[in-house]
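Peer 1: quick one, structure for this:
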Amino acid sequence: MAIDSSNSEARFHALVLYTVFSFSDYLFIFIKTFSSTSIFNQTSH
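Peer 2: Modelled structure (predicted):
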């Protein structure tokens, strides 16, 4: 049982890390797109 619980715990930590990294990548892309859009709007006007 200890091996199963540690395995599921490691799987849970891996899932959390994967979610955090995916969210940070999505947030970085969103900030990059938003900043380029605002810069493009400033230069066009």
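
Peer 1: residue 12 and residue 18: what is the separation?
Peer 2: 11 Å (CB to CB, to the nearest Å). Every C-beta, even on glycine, is put in place using the N, C-alpha and C of the backbone.

Peer 1: now residue 7
Peer 2: Residue 7 sits 16 Å away from residue 18, going by CB to CB.

Peer 1: how far off centre is stretch 7-18?
Peer 2: How far stretch 7-18 lies from its chain's middle: 16 Å, per CA atoms, centre = their mean, to the nearest Å.

Peer 1: go on, stretch 23-31?
Peer 2: Distance of stretch 23-31 from the chain centroid (CA atoms, centre = their mean) equals 6 Å.

Peer 1: what mean pLDDT does that stretch have?
Peer 2: Per-residue confidence for stretch 23-31 averages out to 92 on the pLDDT scale.

Peer 1: dump it to PDB, restricted to CA.
Peer 2: These are the backbone C-alpha positions of stretch 23-31, laid out as PDB (Å, rounded to 0.1, in the frame of the first residue of the first chain):
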ATOM      1  CA  PHE A  23      -0.800  27.700 -17.300                       C
ATOM      2  CA  SER A  24       2.400  29.800 -17.100                       C
ATOM      3  CA  ASP A  25       3.100  29.100 -20.800                       C
ATOM      4  CA  TYR A  26      -0.500  30.100 -21.700                       C
ATOM      5  CA  LEU A  27      -0.200  33.200 -19.500                       C
ATOM      6  CA  PHE A  28       3.200  34.100 -21.100                       C
ATOM      7  CA  ILE A  29       1.700  33.800 -24.600                       C
ATOM      8  CA  PHE A  30      -1.300  35.900 -23.500                       C
ATOM      9  CA  ILE A  31       0.900  38.700 -22.100                       C
END
